[in-house]
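Student: Sequence first, then the predicted structure, then my questions.
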Amino acid sequence: MALRGDPDQIELRVYRAQSLALLGRFDSAAAEFGAARDMVRARAVSHASPVLPSLEMFEYAIGMVRVNQGDFPSAKEAFGAR
């Protein structure tokens, strides 16, 4: 409900992604982390703020979700390994 009221809350998306990962809903968790990452990326372009989370943190979180899912090629891609 909170995200419907304010969909641009990065922190809520992170908490939701963490909860979804704990529930084993890995695709949904990765999608939430990806949405949060994209919001940070958009804010970094439009606002100069030293408080934004790093994009690398979101890539790492997506990679960890994919590792837990057993999807190692997607995990390597998220981690940036080639």
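Tutor: Received the coordinates, thanks.

Student: Check which element follows the lowest-mean-pLDDT helix or strand in the chain along the chain.
Tutor: Every helix and strand in the chain was compared by mean pLDDT, DSSP states H and E; the lowest is helix 2-5, with a mean of 66. Going down the chain from helix 2-5, the next helix or strand is helix 10-22, by DSSP states H and E.

Student: Could you look up the next helix or strand downstream of that next one?
Tutor: Following helix 10-22 in sequence order, the next helix or strand is helix 26-46 (DSSP H and E).

Student: relative orientation of the helix or strand that that next one is followed by and helix 26-46 in degrees?
Tutor: Downstream of helix 26-46, the next assigned helix or strand under DSSP H and E is helix 55-69. Interaxial angle, helix 55-69 versus helix 26-46 (axes from the mean of the first three to the mean of the last three CA atoms, to 10 degrees): 170 degrees.

Student: From the chain's centre, how far out is helix 55-69? Work that out for me.
Tutor: Relative to the centre of its chain, helix 55-69 is centred 7 Å away, using CA atoms, centre = their mean, to the nearest Å.

Student: From the centroid of the chain, which residue is nearest?
Tutor: Centre of the chain computed as the mean C-alpha position; nearest residue by CA atoms, centre = their mean is residue 33, 1.5 Å away.
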